[in-house]
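Student: Show me the folded form of this:
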Amino acid sequence: MEVRHARKAEELVDQESEDLRGTEEEGDAQIPGGGDQQRPGSQEEEKEIAPGRIPLSPPAVAAWRPDYIPAYLSNGLIGLRAGPIPLIEGLAIVNGLAAIDPVEQGEGFARGPYPIGGDIDVDGHQLSRLPRQSELVEQRHDFSCGELSSRFRFRSGETTASVEVLTLCTRSLPSVVLQEVRVRVDRPCRLMVTAKLDPTGIQGRWLARETSTPGADQPVVDGSMLWEVNGALSSCGAAYVTRFDGGEGVERRREEHDALAPLATSYRLDARPGLTYVLQQFSSLVPSQAHHEPHRQATRLVGMAARRGFQKLRDENRRAWEEIWKGRIKLVGAGPRWQALADAAFYYLHASAHASSLFSTSMFGLAFWPNYHYYRGHVMWDIEAFTFPTLLLTAPEAAYALLEYRAQRLRAAERNAALHGYRGLQFPWASGPRHGEEVIRLSAPHLVFEQHVSLSVARAFAHYVHATGDDDYLREKAWPALEGVANWLVSRAVKSERGYEIKEVIGIAEQTDPVDNNAYVNMAASMVLREAAGFARRLNRPDAQRWDAIAECLYLPVDAARGFIRNHDRYSPEEQGPAAATPEALAGIFPIGYAVDPKLERATIDFYLGRAGDYVGRPMLSALLGVYAARVGDRTASLRWFERGYADFVEDPFSETNEFSLKRFPDKPRVGPFMANLGGFLMSCLYGLTGLVLSAAEPAEWCTRPVVLPEGWGAIEVDRVFVRGRPAHLLARHGENRASLTID
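Tutor: A predicted model of the protein is given here:
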């Protein structure tokens, strides 16, 4: 065990941390609204009420309840759950790290070592061993900059240590997380503050544990490790560096000889009241999918982080979030509650994706907690269908990364199609992080018929080209995907006397038995074929005419008696149950954009909204219900459906969007943030209510419908979206014939 004296700090900080308390100027950024958030009045008055400039964050948590799940922090490469006492409770997920799931025995995500672990020891009493002697004072999640601030007290006899912890996942160096621990005591005592890099409690084994640096006289980092996950599918490299400000007489200790002990660095001193002792921790996590020697690369990266310094990285992270928030979706006149819901959704969406997220993201981003399976981190249709669209306009570099995951795994989709007897590309329903192969659980064999993910992927590639105008991307990335999915559809469709049919599929409702001509599948297939045909003409490629012909003739099941689009061939209006109430046909209208006769559209909306009471509260399409009511001009119903279809899903204490509405389904687990629901709400605001439809046309033509907003909402405004490589301003005022998209 190494023991040495820490160098004397140049200046000992002896005041409380204003950053952890929050400044007076930012007091209005909490819910409910502060100084610049006015109370909604009449409808006319509300149109003039604009949200404040600072994104709204959840109220500080002063009392922790057993049913809460810890705060979720992420930068798109590393995801953390940090408990109310982050030093002793939390976990980490690393983008791309894959293991054998212990239940399903198939590929899924893996936990990495906890990079922000630690401990406090006062006169020989350890926080980790005596957690009941700690008391949460406050935990605050600042959505404006992605920082978590935790304050707690730890009592040892007559001595109380007041502790403030600042935690963040840096966006400028996304393989690194930062944590600062500040300790004050109310009487003289022997104090020890510890930082840990801890694999305790996760499945796997040590491959390497190093506290020295090869070729260097002095260690470059405090320690590094190589951890092999369960099933040996991959490994995680980790390294950390600490800095301590504590004056003279500080002893620094590292555990060097126990090959199985967590990596830990402790600082021990005689503490005095009136002074603040500060421990800064830099930690890096790197999966083997990103580097063949991940522990050595983690050492390099965390060494870089330490050289750049805590405050510089923190400032860079804040500036990165300032840029992200320029795409904030402002709900003018809706009031602070709705704006807070939109801000929380926007925050969690962007926290879960990054330009470096080369292994995409999952249905819960990089969030996990042991109370639920979190769909094992698989990449599914939810990402392209619900997560991608908002990112495309507000953070196109992150959207690019999500598609790059698919672009680099086209061979897996080609092999998957071949195994099913088709040509082209059939993307797997649940894609593994390593190779993009099918990894859906074996216990649900009917899910192999759920193949519409390919349509969401192809549509995302097409929309990326529309939004960016990038012809090189079209030729090199989008065209192979679109051509492959179009060829798959040609081999999948069956010609009949009714036109072309797609048989034996499972749609969004996830019926237990396959159906023929699922409305959503056929509508989406038609739109994908049209997109592919348009790009084929643009690139002077063959097949455009054939694809257009099939798209035109894809059969759409319409109820002859009542004049609405049926969910599938054998669908009956008398059918009951959740699957029957799922508005699959409406999803073909929005977000897919399949155009139908206005009378047919109205009848279809009326029919499915009439039975949506049996569906609302379930994941995915609930968040879109308010758009359908707005399309038929019912502002009151639109607000009500957004309330039941989205607001009811959002849970305390950190405004995470649950998979199910716990108001409707109180026995479902508390899990979040569920990307399909929050992405669906953002997509509803950004596209559905504004009438924004991406296409090959000039952006001025993208706003396609009269603007009808939920009751009380005056306008939807986004100061910056990216259109054809340039910033643009989006404004949709209720009652106007079209929204405006103004390119700077």
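Student: Neighbours of the nearest residue to Asp513 once chain neighbours are set aside, how many?
Tutor: Computed as Cβ to Cβ, 6 or more residues apart in numbering, the closest residue to Asp513 that is not its neighbour in sequence is His446, at 7.0 Å. Where you see a C-beta, it was placed from the backbone N, CA and C, and this is true even at glycine. Using other Cβ atoms under 10 Å, His446 is surrounded by 12 other residues.
Student: does His446 count as helix, strand or coil?
Tutor: Following DSSP: H, G, I helix; E, B strand; the rest coil, we place His446 in the helix state.
Student: Which pLDDT value goes with it?
Tutor: As summarised for this prediction, His446 has a pLDDT of 83.
Student: Please list all residues in contact with it.
Tutor: His446 makes contacts with Ile506, Thr512, Asp513, Pro514, as judged by Cβ atoms under 8 Å, 6 or more residues apart in numbering.
Student: out of those, who has the most neighbours?
Tutor: Greatest neighbour count in these, by other Cβ under 10 Å, goes to Ile506: 23 neighbours.
Student: returning to what we had before: which of the contacts of His446 sits closest to Pro480?
Tutor: Ile506 (26.7 Å; Cβ to Cβ).
Student: coming back round to it: just give me the least confident of the contacts of His446.
Tutor: Out of the contacts of His446, that is Thr512, at 81.
Student: Would you mind listing the buried residues in stretch 593-603?
Tutor: Gly593, Tyr594, Val596, Glu601, Arg602, Ala603 (16 or more other Cβ atoms under 10 Å).
Student: burial count for Pro666?
Tutor: A count of nearby residues for Pro666, using other Cβ under 10 Å, gives 8.
Student: ok, the contacts of His446 vs Leu173, which is closest?
Tutor: Nearest member of these to Leu173, counting by Cβ to Cβ, is Ile506, at 42.5 Å.
Student: give the contact list for that closest one.
Tutor: His446, Leu447, Phe449, Glu450, Gln451, Pro514, Val515, Asn518.
Student: Name the member of those with the shortest distance to Ile120.
Tutor: Distances from Ile120 to the contacts of Ile506, taken by Cβ to Cβ, are shortest for Leu447, at 47.6 Å.
Student: Am I right that that closest one is in contact with Val439?
Tutor: No. Look at Leu447 against Val439 with Cβ atoms under 8 Å: they stay out of range, at 11.3 Å.
Student: got any residues that touch both of the two?
Tutor: Joint contacts of Leu447 and Val439 (Cβ under 8 Å, 6+ apart) are Ala430.
Student: Please say which of the two ends up with more neighbours.
Tutor: Using other Cβ under 10 Å as the criterion, Leu447 and Val439 rank with Val439 on top: 24 against 16.
Student: so what's the more buried one up against?
Tutor: Gly106, Glu107, Gly108, Arg376, His378, Pro428, Ala430, Ser431, Gly432.
Student: Go again with 10 Å.
Tutor: Residues near Val439 by Cβ atoms under 10 Å, 6 or more residues apart in numbering: 98, 101, 104, 106-108, 376-379, 428-433.
Student: Buried only: go through those residues for me.
Tutor: Using 16+ other Cβ under 10 Å, the buried ones in these are 98, 101, 106-108, 376-379, 428-433.
Student: just for the stretch 1-150 of the chain, where's the confidence low?
Tutor: The model of the stretch 1-150 of the chain has pLDDT under 70 over residues 1-49.
Student: Repeat the analysis, applying 80 as the threshold.
Tutor: 1-50 (pLDDT under 80).
Student: again with the chain
Tutor: For the chain, the stretches flagged by pLDDT under 80 are 1-50, 257, 259.
Student: Skip the chain neighbours and tell me the closest residue to Arg602.
Tutor: Val632 (5.9 Å).
Student: That neighbour: neighbour count?
Tutor: Using other Cβ under 10 Å, Val632 has 14 neighbouring residues.
Student: Just the C-alphas of stretch 123-143, formatted as PDB.
Tutor: Output of stretch 123-143 as PDB, limited to C-alpha atoms (Å, rounded to 0.1, in the frame of the first residue of the first chain):
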ATOM      1  CA  ASP A 123     -12.900   9.300  13.200                       C
ATOM      2  CA  GLY A 124     -12.900   5.700  12.000                       C
ATOM      3  CA  HIS A 125     -16.600   5.500  11.100                       C
ATOM      4  CA  GLN A 126     -17.200   4.800   7.400                       C
ATOM      5  CA  LEU A 127     -20.200   6.100   5.400                       C
ATOM      6  CA  SER A 128     -20.300   2.900   3.300                       C
ATOM      7  CA  ARG A 129     -20.700   0.800   6.500                       C
ATOM      8  CA  LEU A 130     -23.000   3.200   8.300                       C
ATOM      9  CA  PRO A 131     -25.300   4.600   5.600                       C
ATOM     10  CA  ARG A 132     -28.100   5.100   8.100                       C
ATOM     11  CA  GLN A 133     -26.000   7.700   9.800                       C
ATOM     12  CA  SER A 134     -26.200   9.800   6.600                       C
ATOM     13  CA  GLU A 135     -29.000  12.200   5.800                       C
ATOM     14  CA  LEU A 136     -29.900  13.600   2.500                       C
ATOM     15  CA  VAL A 137     -30.200  17.400   2.500                       C
ATOM     16  CA  GLU A 138     -30.900  18.000  -1.200                       C
ATOM     17  CA  GLN A 139     -30.300  16.500  -4.600                       C
ATOM     18  CA  ARG A 140     -30.800  18.700  -7.600                       C
ATOM     19  CA  HIS A 141     -30.600  17.800 -11.300                       C
ATOM     20  CA  ASP A 142     -29.800  20.800 -13.500                       C
ATOM     21  CA  PHE A 143     -31.100  20.100 -17.000                       C
END
